[in-house]
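*Asks:* based on what follows, work out the 3D shape:
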Amino acid sequence: MSTAAAKPVADVDTPRERGSGVSAILVAAGILLSRMLGLFRQAFMARYLGARVAADAFNAAFKIPNMLQNLFGEGALSASFIPVYSRLLASEDEAEARRVAGAVGAILALVTAVLVLLGVLLAPALVWLIAAGFEGERRDLTIYITRILFPGAGIFVLGAWSQGILNSHRRFFLSYAAPVAWNLAMIGALVWYGPHVSQVGMAVRLAWASVIGAALQLLVQLPTVMRLVPGLRPRLDRSGQVGTVLRNFAPVAGSRGVVQLSAYIDQYLASFLPLGIVSMFSYATTLYTLPVSLFGMAISVAELPEMSRARGEAAEVNAFLRRRLDAGLARIAFFIVPSAVGFIALGDVIISALLRSGRFGATETLFTWGILAGSSVGLLAGTMGRLYSSTYYALHDTRTPLRFAMLRVLLTTLLGVLFALVLPRLLHVDRRWGGAGLTASAGMAAWVEFTLLRRRLNARIGHTGVPGRRVGTLWIAALVAAAAGLGLKLLLAGQNRFVVGALVIGGFALVYGLLTYALRVPEARGIGDRVLRRAGVAR
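*Replies:* Below you'll find the predicted structure:
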(Lines give C-alpha, C1' and ligand atoms only; values in the text may rest on other atoms or scores of the structure.)
Protein backbone atom coordinates (compact mmCIF):
# COMPACT_ATOMS: atom_id res chain seq x y z
CA MET A 1 0.00 0.00 0.00
CA SER A 2 1.34 3.44 -0.87
CA THR A 3 2.06 6.13 1.69
CA ALA A 4 -0.78 8.24 0.32
CA ALA A 5 -3.18 5.38 0.83
CA ALA A 6 -1.88 4.56 4.28
CA LYS A 7 -2.30 7.99 5.78
CA PRO A 8 -6.10 8.11 5.70
CA VAL A 9 -6.20 4.95 7.79
CA ALA A 10 -4.42 6.84 10.52
CA ASP A 11 -6.80 9.73 10.02
CA VAL A 12 -9.77 7.45 10.45
CA ASP A 13 -8.40 6.22 13.74
CA THR A 14 -7.41 9.64 15.12
CA PRO A 15 -7.81 11.12 17.55
CA ARG A 16 -7.35 7.65 18.99
CA GLU A 17 -10.04 5.22 17.88
CA ARG A 18 -12.00 4.51 20.98
CA GLY A 19 -14.19 1.48 21.51
CA SER A 20 -17.77 2.26 22.34
CA GLY A 21 -17.84 -0.36 25.11
CA VAL A 22 -16.61 1.89 27.93
CA SER A 23 -18.59 4.90 26.68
CA ALA A 24 -21.73 2.80 26.31
CA ILE A 25 -21.27 1.45 29.84
CA LEU A 26 -21.03 5.01 31.18
CA VAL A 27 -24.16 6.01 29.28
CA ALA A 28 -25.97 2.88 30.46
CA ALA A 29 -24.88 3.46 34.07
CA GLY A 30 -26.24 7.01 34.02
CA ILE A 31 -29.44 5.88 32.32
CA LEU A 32 -29.86 2.93 34.71
CA LEU A 33 -29.60 5.19 37.74
CA SER A 34 -32.13 7.59 36.26
CA ARG A 35 -34.48 4.89 34.97
CA MET A 36 -34.51 3.01 38.24
CA LEU A 37 -35.68 6.17 39.97
CA GLY A 38 -38.14 6.57 37.09
CA LEU A 39 -39.58 3.16 37.95
CA PHE A 40 -39.95 4.24 41.58
CA ARG A 41 -41.67 7.40 40.34
CA GLN A 42 -44.10 5.37 38.26
CA ALA A 43 -44.73 2.99 41.15
CA PHE A 44 -45.74 5.90 43.37
CA MET A 45 -47.84 7.38 40.58
CA ALA A 46 -49.64 4.07 40.15
CA ARG A 47 -50.19 3.93 43.91
CA TYR A 48 -51.57 7.45 44.34
CA LEU A 49 -53.07 8.21 40.90
CA GLY A 50 -53.96 4.73 39.63
CA ALA A 51 -55.41 4.74 36.11
CA ARG A 52 -58.35 7.12 36.41
CA VAL A 53 -59.14 10.74 35.47
CA ALA A 54 -56.20 12.49 37.17
CA ALA A 55 -53.67 9.94 35.89
CA ASP A 56 -54.99 10.16 32.34
CA ALA A 57 -54.92 13.97 32.47
CA PHE A 58 -51.35 14.14 33.77
CA ASN A 59 -49.96 11.57 31.34
CA ALA A 60 -51.71 13.15 28.34
CA ALA A 61 -50.61 16.65 29.39
CA PHE A 62 -47.02 15.52 29.82
CA LYS A 63 -46.96 14.24 26.25
CA ILE A 64 -47.68 17.68 24.79
CA PRO A 65 -44.72 19.76 26.07
CA ASN A 66 -42.59 16.64 25.89
CA MET A 67 -42.82 17.06 22.11
CA LEU A 68 -40.86 20.29 22.46
CA GLN A 69 -38.18 18.52 24.47
CA ASN A 70 -37.85 15.68 21.97
CA LEU A 71 -38.13 17.83 18.87
CA PHE A 72 -35.59 20.51 19.82
CA GLY A 73 -33.68 18.56 22.42
CA GLU A 74 -31.99 15.21 22.74
CA GLY A 75 -32.35 13.40 19.39
CA ALA A 76 -32.48 16.33 16.96
CA LEU A 77 -29.80 18.33 18.76
CA SER A 78 -27.51 15.32 19.09
CA ALA A 79 -27.78 14.42 15.42
CA SER A 80 -27.16 17.97 14.16
CA PHE A 81 -24.86 19.49 16.80
CA ILE A 82 -22.65 16.63 18.02
CA PRO A 83 -21.21 15.61 14.59
CA VAL A 84 -20.14 19.19 13.88
CA TYR A 85 -18.93 19.97 17.41
CA SER A 86 -17.09 16.63 17.77
CA ARG A 87 -15.30 17.12 14.46
CA LEU A 88 -14.15 20.59 15.57
CA LEU A 89 -12.81 19.09 18.79
CA ALA A 90 -11.02 16.36 16.80
CA SER A 91 -9.44 19.09 14.64
CA GLU A 92 -8.42 20.96 17.84
CA ASP A 93 -10.28 24.07 16.70
CA GLU A 94 -11.40 24.96 20.20
CA ALA A 95 -12.25 28.58 19.42
CA GLU A 96 -14.71 27.62 16.67
CA ALA A 97 -16.11 24.80 18.83
CA ARG A 98 -16.71 27.28 21.66
CA ARG A 99 -18.39 29.76 19.30
CA VAL A 100 -20.64 27.05 17.83
CA ALA A 101 -21.67 25.83 21.29
CA GLY A 102 -22.54 29.35 22.45
CA ALA A 103 -24.47 30.22 19.30
CA VAL A 104 -26.48 27.00 19.32
CA GLY A 105 -27.34 27.54 22.99
CA ALA A 106 -28.52 31.11 22.35
CA ILE A 107 -30.63 30.13 19.33
CA LEU A 108 -32.23 27.25 21.23
CA ALA A 109 -33.04 29.49 24.18
CA LEU A 110 -34.73 32.08 21.96
CA VAL A 111 -36.73 29.59 19.89
CA THR A 112 -37.89 27.53 22.86
CA ALA A 113 -38.92 30.64 24.81
CA VAL A 114 -41.27 31.61 21.98
CA LEU A 115 -42.63 28.07 21.68
CA VAL A 116 -43.20 27.81 25.44
CA LEU A 117 -45.25 31.03 25.38
CA LEU A 118 -47.30 29.77 22.44
CA GLY A 119 -47.78 26.42 24.15
CA VAL A 120 -49.19 28.04 27.28
CA LEU A 121 -51.55 30.24 25.27
CA LEU A 122 -52.69 27.50 22.88
CA ALA A 123 -53.02 24.69 25.43
CA PRO A 124 -56.76 24.08 24.76
CA ALA A 125 -56.16 23.59 21.04
CA LEU A 126 -53.14 21.35 21.71
CA VAL A 127 -55.14 19.16 24.08
CA TRP A 128 -57.83 18.79 21.43
CA LEU A 129 -55.17 17.70 18.94
CA ILE A 130 -53.59 15.15 21.25
CA ALA A 131 -56.56 13.86 23.21
CA ALA A 132 -59.74 14.65 21.31
CA GLY A 133 -61.50 11.85 23.15
CA PHE A 134 -61.18 13.66 26.50
CA GLU A 135 -64.24 15.49 27.78
CA GLY A 136 -65.39 17.41 30.85
CA GLU A 137 -63.17 17.28 33.95
CA ARG A 138 -60.52 15.14 32.25
CA ARG A 139 -60.12 17.68 29.42
CA ASP A 140 -60.09 20.73 31.73
CA LEU A 141 -57.50 19.20 34.03
CA THR A 142 -55.32 18.22 31.06
CA ILE A 143 -55.33 21.83 29.80
CA TYR A 144 -54.39 23.19 33.23
CA ILE A 145 -51.52 20.73 33.73
CA THR A 146 -50.26 21.35 30.18
CA ARG A 147 -49.85 25.04 30.97
CA ILE A 148 -47.86 24.23 34.09
CA LEU A 149 -45.56 21.78 32.31
CA PHE A 150 -44.62 23.83 29.24
CA PRO A 151 -41.91 26.01 30.92
CA GLY A 152 -40.25 22.83 32.19
CA ALA A 153 -40.08 21.53 28.63
CA GLY A 154 -38.14 24.65 27.61
CA ILE A 155 -35.68 24.03 30.43
CA PHE A 156 -35.31 20.41 29.30
CA VAL A 157 -34.24 21.64 25.85
CA LEU A 158 -31.41 23.66 27.39
CA GLY A 159 -30.50 20.56 29.39
CA ALA A 160 -30.24 18.65 26.11
CA TRP A 161 -27.84 21.33 24.81
CA SER A 162 -25.67 20.78 27.89
CA GLN A 163 -25.92 17.04 27.31
CA GLY A 164 -24.70 17.45 23.72
CA ILE A 165 -21.60 19.29 24.90
CA LEU A 166 -20.89 16.71 27.61
CA ASN A 167 -21.32 13.80 25.19
CA SER A 168 -18.96 15.38 22.65
CA HIS A 169 -16.34 15.64 25.41
CA ARG A 170 -17.07 12.00 26.35
CA ARG A 171 -18.56 12.93 29.72
CA PHE A 172 -21.39 10.45 29.31
CA PHE A 173 -22.24 9.50 32.86
CA LEU A 174 -23.15 12.96 34.12
CA SER A 175 -25.28 13.84 31.12
CA TYR A 176 -27.41 10.72 31.49
CA ALA A 177 -27.46 10.65 35.29
CA ALA A 178 -28.66 14.27 35.48
CA PRO A 179 -32.37 13.26 35.17
CA VAL A 180 -31.96 11.75 38.64
CA ALA A 181 -32.58 15.28 39.95
CA TRP A 182 -35.86 15.49 38.01
CA ASN A 183 -37.02 12.09 39.23
CA LEU A 184 -36.15 12.92 42.85
CA ALA A 185 -38.19 16.12 42.69
CA MET A 186 -41.25 14.21 41.47
CA ILE A 187 -40.79 11.31 43.88
CA GLY A 188 -40.48 13.82 46.72
CA ALA A 189 -43.78 15.42 45.74
CA LEU A 190 -45.52 12.04 45.50
CA VAL A 191 -44.24 10.83 48.88
CA TRP A 192 -44.98 14.15 50.62
CA TYR A 193 -48.41 14.90 49.19
CA GLY A 194 -49.67 11.49 47.96
CA PRO A 195 -51.25 10.21 51.20
CA HIS A 196 -52.90 13.55 52.03
CA VAL A 197 -54.38 15.13 48.89
CA SER A 198 -56.92 14.18 46.26
CA GLN A 199 -55.87 12.59 42.99
CA VAL A 200 -56.49 15.86 41.15
CA GLY A 201 -54.48 17.83 43.69
CA MET A 202 -51.67 15.30 43.44
CA ALA A 203 -51.56 15.57 39.64
CA VAL A 204 -51.24 19.38 39.84
CA ARG A 205 -48.48 19.23 42.46
CA LEU A 206 -46.69 16.63 40.41
CA ALA A 207 -46.69 18.97 37.41
CA TRP A 208 -45.05 21.75 39.45
CA ALA A 209 -42.50 19.24 40.78
CA SER A 210 -41.65 18.33 37.19
CA VAL A 211 -40.80 21.96 36.37
CA ILE A 212 -38.62 22.28 39.48
CA GLY A 213 -36.91 18.99 38.63
CA ALA A 214 -36.17 20.18 35.09
CA ALA A 215 -34.38 23.23 36.49
CA LEU A 216 -32.37 21.05 38.87
CA GLN A 217 -31.41 18.74 36.00
CA LEU A 218 -29.98 21.67 34.03
CA LEU A 219 -28.16 23.13 37.03
CA VAL A 220 -26.44 19.81 37.74
CA GLN A 221 -24.82 19.86 34.27
CA LEU A 222 -23.87 23.52 33.87
CA PRO A 223 -20.74 23.64 36.12
CA THR A 224 -19.06 20.84 34.13
CA VAL A 225 -20.10 22.42 30.82
CA MET A 226 -18.47 25.70 31.85
CA ARG A 227 -15.26 23.90 32.81
CA LEU A 228 -15.12 22.01 29.53
CA VAL A 229 -15.83 25.11 27.44
CA PRO A 230 -14.07 28.02 29.18
CA GLY A 231 -15.16 31.40 27.90
CA LEU A 232 -18.47 30.04 26.61
CA ARG A 233 -20.77 32.92 25.66
CA PRO A 234 -24.30 32.42 24.34
CA ARG A 235 -24.57 34.73 21.33
CA LEU A 236 -26.90 34.76 18.32
CA ASP A 237 -24.70 33.91 15.33
CA ARG A 238 -25.43 31.89 12.18
CA SER A 239 -22.05 32.08 10.46
CA GLY A 240 -19.54 29.32 9.78
CA GLN A 241 -20.17 25.91 11.31
CA VAL A 242 -23.24 27.20 13.14
CA GLY A 243 -24.91 27.35 9.74
CA THR A 244 -24.02 23.70 9.19
CA VAL A 245 -25.66 22.78 12.49
CA LEU A 246 -28.80 24.72 11.57
CA ARG A 247 -28.98 23.18 8.08
CA ASN A 248 -28.66 19.71 9.58
CA PHE A 249 -31.10 20.53 12.34
CA ALA A 250 -34.09 21.16 10.07
CA PRO A 251 -34.32 17.67 8.51
CA VAL A 252 -33.31 15.99 11.79
CA ALA A 253 -35.99 17.92 13.67
CA GLY A 254 -38.37 16.92 10.92
CA SER A 255 -37.38 13.28 11.38
CA ARG A 256 -37.76 13.55 15.15
CA GLY A 257 -41.00 15.42 14.61
CA VAL A 258 -42.28 12.59 12.48
CA VAL A 259 -41.33 10.08 15.20
CA GLN A 260 -43.05 12.28 17.78
CA LEU A 261 -46.05 12.54 15.50
CA SER A 262 -46.25 8.76 15.59
CA ALA A 263 -46.30 8.84 19.40
CA TYR A 264 -48.97 11.51 19.40
CA ILE A 265 -51.09 9.60 16.94
CA ASP A 266 -50.91 6.70 19.40
CA GLN A 267 -51.94 9.08 22.19
CA TYR A 268 -54.78 10.50 20.07
CA LEU A 269 -56.12 7.04 19.26
CA ALA A 270 -55.70 5.90 22.88
CA SER A 271 -57.88 8.82 24.05
CA PHE A 272 -60.83 7.15 22.29
CA LEU A 273 -60.28 3.91 24.21
CA PRO A 274 -61.86 3.29 27.65
CA LEU A 275 -60.84 5.29 30.72
CA GLY A 276 -57.39 4.40 32.06
CA ILE A 277 -55.75 3.20 28.84
CA VAL A 278 -53.81 6.46 28.45
CA SER A 279 -52.32 5.95 31.92
CA MET A 280 -51.61 2.26 31.35
CA PHE A 281 -49.93 3.23 28.09
CA SER A 282 -47.63 5.55 30.05
CA TYR A 283 -46.78 2.92 32.67
CA ALA A 284 -45.99 0.34 29.97
CA THR A 285 -43.87 2.88 28.07
CA THR A 286 -41.69 3.41 31.15
CA LEU A 287 -40.88 -0.30 31.22
CA TYR A 288 -40.52 -0.60 27.45
CA THR A 289 -38.07 2.29 27.23
CA LEU A 290 -35.80 0.85 29.93
CA PRO A 291 -33.97 -1.60 27.61
CA VAL A 292 -34.30 0.89 24.74
CA SER A 293 -32.42 3.47 26.80
CA LEU A 294 -29.97 1.13 28.51
CA PHE A 295 -28.87 -0.69 25.37
CA GLY A 296 -30.17 0.94 22.20
CA MET A 297 -29.71 4.54 23.24
CA ALA A 298 -26.54 3.93 25.25
CA ILE A 299 -24.74 2.32 22.32
CA SER A 300 -26.10 4.78 19.73
CA VAL A 301 -25.18 7.80 21.85
CA ALA A 302 -21.68 6.47 22.49
CA GLU A 303 -21.11 5.71 18.81
CA LEU A 304 -22.31 8.99 17.28
CA PRO A 305 -19.38 11.20 18.38
CA GLU A 306 -16.89 8.42 17.58
CA MET A 307 -18.32 7.81 14.10
CA SER A 308 -18.42 11.56 13.50
CA ARG A 309 -14.65 11.77 14.03
CA ALA A 310 -13.93 9.48 11.05
CA ARG A 311 -11.78 11.10 8.35
CA GLY A 312 -9.95 9.78 5.30
CA GLU A 313 -10.73 8.11 1.98
CA ALA A 314 -14.32 7.00 1.46
CA ALA A 315 -13.52 3.27 1.38
CA GLU A 316 -11.61 3.43 4.65
CA VAL A 317 -14.23 5.54 6.37
CA ASN A 318 -16.88 3.06 5.24
CA ALA A 319 -14.88 0.14 6.63
CA PHE A 320 -14.49 2.02 9.91
CA LEU A 321 -18.25 2.65 10.09
CA ARG A 322 -19.11 -0.95 9.23
CA ARG A 323 -16.83 -2.25 11.97
CA ARG A 324 -18.34 -0.01 14.64
CA LEU A 325 -21.90 -0.49 13.43
CA ASP A 326 -21.69 -4.29 13.38
CA ALA A 327 -20.17 -4.40 16.87
CA GLY A 328 -22.89 -2.11 18.19
CA LEU A 329 -25.68 -4.09 16.54
CA ALA A 330 -24.39 -7.34 18.06
CA ARG A 331 -24.38 -5.82 21.55
CA ILE A 332 -27.88 -4.43 21.07
CA ALA A 333 -29.24 -7.80 19.90
CA PHE A 334 -27.67 -9.63 22.86
CA PHE A 335 -29.61 -7.51 25.35
CA ILE A 336 -32.77 -6.61 23.43
CA VAL A 337 -33.80 -10.10 22.28
CA PRO A 338 -34.27 -11.38 25.88
CA SER A 339 -35.93 -8.10 26.85
CA ALA A 340 -38.57 -8.58 24.16
CA VAL A 341 -39.17 -12.22 25.07
CA GLY A 342 -39.28 -11.39 28.78
CA PHE A 343 -41.85 -8.63 28.32
CA ILE A 344 -44.13 -10.91 26.31
CA ALA A 345 -43.83 -14.03 28.49
CA LEU A 346 -43.30 -12.54 31.94
CA GLY A 347 -44.61 -9.00 31.66
CA ASP A 348 -47.36 -9.59 34.22
CA VAL A 349 -44.77 -10.61 36.82
CA ILE A 350 -42.70 -7.49 36.14
CA ILE A 351 -45.69 -5.13 36.26
CA SER A 352 -47.13 -6.73 39.38
CA ALA A 353 -43.81 -6.45 41.23
CA LEU A 354 -43.26 -2.82 40.26
CA LEU A 355 -46.71 -1.24 40.04
CA ARG A 356 -49.46 -3.31 41.63
CA SER A 357 -50.53 -1.52 44.80
CA GLY A 358 -53.06 1.03 46.01
CA ARG A 359 -55.28 2.10 43.13
CA PHE A 360 -53.45 -0.11 40.60
CA GLY A 361 -54.96 -3.58 40.76
CA ALA A 362 -55.21 -6.86 38.84
CA THR A 363 -57.23 -5.44 35.94
CA GLU A 364 -54.77 -2.59 35.37
CA THR A 365 -51.90 -5.08 35.56
CA LEU A 366 -53.46 -7.30 32.90
CA PHE A 367 -54.08 -4.60 30.31
CA THR A 368 -50.75 -2.88 30.98
CA TRP A 369 -49.11 -6.26 30.29
CA GLY A 370 -50.95 -6.44 26.98
CA ILE A 371 -49.70 -2.97 26.01
CA LEU A 372 -46.14 -3.90 27.04
CA ALA A 373 -46.26 -7.16 25.06
CA GLY A 374 -47.45 -5.27 21.99
CA SER A 375 -44.53 -2.84 22.37
CA SER A 376 -42.11 -5.77 22.32
CA VAL A 377 -43.04 -6.61 18.73
CA GLY A 378 -40.83 -3.80 17.43
CA LEU A 379 -38.34 -3.58 20.28
CA LEU A 380 -35.39 -5.05 18.38
CA ALA A 381 -36.14 -3.16 15.17
CA GLY A 382 -36.53 0.15 16.96
CA THR A 383 -33.26 -0.09 18.89
CA MET A 384 -31.22 -1.28 15.91
CA GLY A 385 -32.84 1.36 13.74
CA ARG A 386 -31.65 4.02 16.17
CA LEU A 387 -28.03 2.94 15.63
CA TYR A 388 -28.49 2.91 11.86
CA SER A 389 -29.88 6.45 12.06
CA SER A 390 -26.83 7.53 14.09
CA THR A 391 -24.61 6.19 11.30
CA TYR A 392 -26.50 8.29 8.74
CA TYR A 393 -26.11 11.35 10.98
CA ALA A 394 -22.37 10.71 11.30
CA LEU A 395 -22.27 10.82 7.49
CA HIS A 396 -24.18 14.13 7.63
CA ASP A 397 -27.12 12.48 5.90
CA THR A 398 -30.17 13.65 7.83
CA ARG A 399 -32.73 13.31 5.04
CA THR A 400 -32.76 9.55 4.51
CA PRO A 401 -33.90 8.77 8.09
CA LEU A 402 -36.56 11.47 7.69
CA ARG A 403 -38.06 9.87 4.59
CA PHE A 404 -38.25 6.43 6.20
CA ALA A 405 -39.62 7.89 9.44
CA MET A 406 -42.45 9.48 7.47
CA LEU A 407 -43.34 6.11 6.00
CA ARG A 408 -43.26 4.59 9.47
CA VAL A 409 -45.74 7.18 10.74
CA LEU A 410 -48.10 6.51 7.85
CA LEU A 411 -48.03 2.77 8.54
CA THR A 412 -48.39 3.30 12.31
CA THR A 413 -51.48 5.44 11.74
CA LEU A 414 -53.20 3.05 9.34
CA LEU A 415 -52.38 -0.06 11.35
CA GLY A 416 -53.16 1.71 14.63
CA VAL A 417 -56.70 2.57 13.56
CA LEU A 418 -57.21 -1.02 12.41
CA PHE A 419 -55.74 -2.79 15.44
CA ALA A 420 -56.84 -0.38 18.17
CA LEU A 421 -60.29 0.77 17.09
CA VAL A 422 -61.66 -1.52 14.38
CA LEU A 423 -60.58 -5.07 15.26
CA PRO A 424 -61.71 -5.07 18.92
CA ARG A 425 -65.23 -4.17 17.76
CA LEU A 426 -65.23 -6.72 14.94
CA LEU A 427 -63.92 -9.47 17.24
CA HIS A 428 -66.26 -8.46 20.09
CA VAL A 429 -63.42 -8.32 22.64
CA ASP A 430 -62.92 -5.83 25.46
CA ARG A 431 -62.05 -2.49 23.84
CA ARG A 432 -59.20 -2.05 26.29
CA TRP A 433 -57.25 -4.64 24.28
CA GLY A 434 -57.03 -1.91 21.65
CA GLY A 435 -54.07 -0.57 23.65
CA ALA A 436 -52.10 -3.74 22.89
CA GLY A 437 -53.12 -3.51 19.23
CA LEU A 438 -51.89 0.06 19.12
CA THR A 439 -48.38 -0.76 20.35
CA ALA A 440 -48.15 -3.91 18.20
CA SER A 441 -49.00 -1.91 15.09
CA ALA A 442 -46.22 0.57 15.90
CA GLY A 443 -43.83 -2.36 16.23
CA MET A 444 -44.74 -3.66 12.78
CA ALA A 445 -44.06 -0.24 11.29
CA ALA A 446 -40.70 -0.13 13.10
CA TRP A 447 -39.62 -3.32 11.30
CA VAL A 448 -40.41 -1.74 7.94
CA GLU A 449 -38.38 1.36 8.82
CA PHE A 450 -35.45 -0.71 10.09
CA THR A 451 -35.38 -2.83 6.91
CA LEU A 452 -35.30 0.26 4.70
CA LEU A 453 -32.60 1.98 6.78
CA ARG A 454 -30.40 -1.09 6.67
CA ARG A 455 -30.88 -1.77 2.97
CA ARG A 456 -30.05 1.81 1.94
CA LEU A 457 -27.00 2.03 4.21
CA ASN A 458 -25.69 -1.35 3.03
CA ALA A 459 -25.85 -0.09 -0.54
CA ARG A 460 -23.81 2.91 0.54
CA ILE A 461 -21.08 1.56 2.85
CA GLY A 462 -21.24 -2.22 2.33
CA HIS A 463 -22.95 -5.11 4.09
CA THR A 464 -23.80 -4.62 7.78
CA GLY A 465 -25.87 -6.49 10.34
CA VAL A 466 -25.80 -9.32 12.85
CA PRO A 467 -25.35 -12.80 11.31
CA GLY A 468 -28.63 -14.73 11.15
CA ARG A 469 -27.17 -17.70 13.03
CA ARG A 470 -26.16 -15.42 15.92
CA VAL A 471 -29.63 -13.88 16.12
CA GLY A 472 -31.24 -17.33 15.99
CA THR A 473 -29.07 -18.48 18.89
CA LEU A 474 -30.17 -15.49 20.96
CA TRP A 475 -33.87 -16.14 20.30
CA ILE A 476 -33.57 -19.83 21.20
CA ALA A 477 -31.72 -19.04 24.42
CA ALA A 478 -34.30 -16.38 25.35
CA LEU A 479 -37.23 -18.73 24.70
CA VAL A 480 -35.69 -21.49 26.84
CA ALA A 481 -35.04 -18.93 29.59
CA ALA A 482 -38.67 -17.75 29.34
CA ALA A 483 -39.88 -21.34 29.75
CA ALA A 484 -37.78 -21.61 32.91
CA GLY A 485 -39.23 -18.32 34.14
CA LEU A 486 -42.79 -19.51 33.55
CA GLY A 487 -42.02 -22.68 35.48
CA LEU A 488 -40.79 -20.63 38.44
CA LYS A 489 -43.89 -18.44 38.19
CA LEU A 490 -46.15 -21.50 38.56
CA LEU A 491 -44.10 -22.87 41.47
CA LEU A 492 -44.22 -19.54 43.33
CA ALA A 493 -47.91 -18.81 42.75
CA GLY A 494 -49.45 -17.07 45.73
CA GLN A 495 -46.15 -15.81 47.16
CA ASN A 496 -45.23 -12.17 47.79
CA ARG A 497 -45.17 -10.23 44.49
CA PHE A 498 -41.69 -8.84 45.15
CA VAL A 499 -40.28 -12.29 45.89
CA VAL A 500 -41.95 -13.76 42.79
CA GLY A 501 -40.67 -10.90 40.63
CA ALA A 502 -37.10 -11.16 41.89
CA LEU A 503 -36.87 -14.94 41.56
CA VAL A 504 -38.66 -15.26 38.22
CA ILE A 505 -36.80 -12.42 36.47
CA GLY A 506 -33.54 -13.40 38.14
CA GLY A 507 -33.96 -17.00 37.04
CA PHE A 508 -34.83 -15.91 33.49
CA ALA A 509 -31.70 -13.74 33.27
CA LEU A 510 -29.47 -16.46 34.77
CA VAL A 511 -30.65 -19.16 32.35
CA TYR A 512 -30.23 -16.83 29.37
CA GLY A 513 -26.75 -15.84 30.48
CA LEU A 514 -25.61 -19.42 31.06
CA LEU A 515 -27.04 -20.67 27.77
CA THR A 516 -25.48 -17.91 25.67
CA TYR A 517 -22.16 -18.40 27.48
CA ALA A 518 -22.27 -22.14 26.78
CA LEU A 519 -23.18 -21.44 23.15
CA ARG A 520 -20.13 -19.16 22.90
CA VAL A 521 -21.97 -15.96 22.09
CA PRO A 522 -19.13 -13.36 22.17
CA GLU A 523 -21.01 -10.81 24.29
CA ALA A 524 -21.91 -13.47 26.88
CA ARG A 525 -18.34 -14.78 26.85
CA GLY A 526 -16.97 -11.29 27.41
CA ILE A 527 -19.24 -10.62 30.38
CA GLY A 528 -18.84 -14.11 31.83
CA ASP A 529 -15.06 -14.14 31.60
CA ARG A 530 -14.83 -10.75 33.32
CA VAL A 531 -17.04 -12.01 36.14
CA LEU A 532 -14.98 -15.19 36.50
CA ARG A 533 -11.71 -13.25 36.55
CA ARG A 534 -12.96 -10.93 39.27
CA ALA A 535 -14.15 -13.93 41.25
CA GLY A 536 -10.68 -15.47 40.92
CA VAL A 537 -12.02 -18.50 39.08
CA ALA A 538 -10.21 -17.79 35.79
CA ARG A 539 -7.29 -15.71 34.64
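*Asks:* use CA for all of it now, contacts and neighbours both
*Replies:* OK.
*Asks:* mind listing what G485 touches?
*Replies:* G485 is in contact with L346, V504, I505, G507, F508, counting by CA atoms under 8 Å, 6 or more residues apart in numbering.
*Asks:* and the first one, how far is that from A57?
*Replies:* Distance of L346 to A57, given as CA to CA, to the nearest Å: 29 Å.
*Asks:* higher neighbour count, those two?
*Replies:* Using other CA atoms under 10 Å as the criterion, L346 and A57 rank with A57 on top: 30 against 23.
*Asks:* quick one: the more buried one is in a helix?
*Replies:* Yes. Judged by DSSP: H, G, I helix; E, B strand; the rest coil, A57 forms part of a helix.
*Asks:* that one reaches E135, doesn't it?
*Replies:* No. With contact defined as CA atoms under 8 Å, A57 does not count as touching E135 (10.5 Å).
*Asks:* which SS state does E92 fall under?
*Replies:* Of the three states, E92 takes coil under three-state DSSP.
*Asks:* my bad, F320
*Replies:* Secondary structure for F320, judged by three-state DSSP, is helix.
*Asks:* A209 contacts N183, doesn't it?
*Replies:* No. Using CA under 8 Å, A209 makes no contact with N183, being 9.1 Å away.
*Asks:* returning to that earlier point: pick the one among the contacts of G485 closest to G434.
*Replies:* Using CA to CA, L346 is the member of the contacts of G485 that sits closest to G434, with 20.2 Å.
*Asks:* can you map out the strands along the stretch 251-400 of the chain?
*Replies:* Counting by DSSP state E, counting those that start in this stretch, the stretch 251-400 of the chain forms no strands at all.
*Asks:* low-confidence ranges, it, go.
*Replies:* Flagging of the stretch 251-400 of the chain using pLDDT under 70 yields the residue ranges 251-261, 298, 301-302, 304-306, 308-312.
*Asks:* for the stretch 101-250 of the chain, same thing?
*Replies:* 239-240, 248, 250.
*Asks:* change it to 90
*Replies:* For the stretch 101-250 of the chain, residues meeting the criterion pLDDT under 90 lie at 101-116, 119, 123, 125-138, 150, 152-183, 193-200, 217-218, 220-250.
*Asks:* which strands and helices sit next to the helix or strand containing G164?
*Replies:* Element membership of G164, judged by DSSP states H and E, is helix 136-168. Judged by 3 or more CA pairs under 8 Å, 6 or more residues apart in numbering; DSSP states H and E, the packing partners of helix 136-168 are helix 53-72, helix 74-90, helix 94-121, helix 123-130, helix 172-177, helix 199-228, helix 298-308.
*Asks:* just put these in CSV and tack on distance to L514.
*Replies:* Shown next, in CSV, are those (distance: least, CA to CA, whole Å):
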stretch, distance to L514
helix 53-72, 38
helix 74-90, 35
helix 94-121, 46
helix 123-130, 46
helix 172-177, 29
helix 199-228, 39
helix 298-308, 23
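*Asks:* for those helices, which one sits closest to I476?
*Replies:* Proximity to I476 (CA to CA) singles out helix 298-308 among those, at 23.9 Å.
*Asks:* distance from the chain centre to stretch 514-523, please.
*Replies:* 27 Å (CA atoms, centre = their mean, to the nearest Å).
*Asks:* sec struct for L232, please.
*Replies:* Per three-state DSSP, L232 ends up coil.
*Asks:* ok, now how distant is it from A319?
*Replies:* Computed as CA to CA, the L232 to A319 distance reads 36 Å.
*Asks:* and those two? which has more neighbours close in?
*Replies:* Applying other CA under 10 Å to L232 and A319 shows that L232 carries more neighbours, namely 19 against 16.
*Asks:* any buried residues in stretch 445-457, and which?
*Replies:* Neighbour counts using 16 or more other CA atoms under 10 Å place A445, A446, W447, V448, E449, F450, L452, L453, R454, L457 of stretch 445-457 among the buried residues.
*Asks:* what sits closest to the fourth one if chain neighbours are left out?
*Replies:* So the one you mean is V448. Of all residues not flanking V448 in the chain, R408 sits nearest, at 7.1 Å (CA to CA, 6 or more residues apart in numbering).
*Asks:* element containing the one you found?
*Replies:* helix 399-416.
*Asks:* and the chain, what are its domains?
*Replies:* Domain assignment for the chain, taken from automatic domain parsing, gives 19-466, 468-539.
*Asks:* could you look up the SS state of G494?
*Replies:* coil.
*Asks:* so how many other residues sit close to the spatially closest residue to A209 that is not a sequence neighbour?
*Replies:* Nearest non-adjacent residue to A209, counting by CA to CA, 6+ apart: M186, 5.2 Å away. Residues lying near M186 (other CA under 10 Å) number 26.
*Asks:* and M186, what does it touch?
*Replies:* Residues in contact with M186 (CA under 8 Å, 6+ apart) are R41, L206, A209, S210, G213.
*Asks:* quick check: phi and psi on it?
*Replies:* Main-chain torsions, M186, degrees, to the nearest 10: phi -70, psi -40.
*Asks:* appreciated, that's everything.
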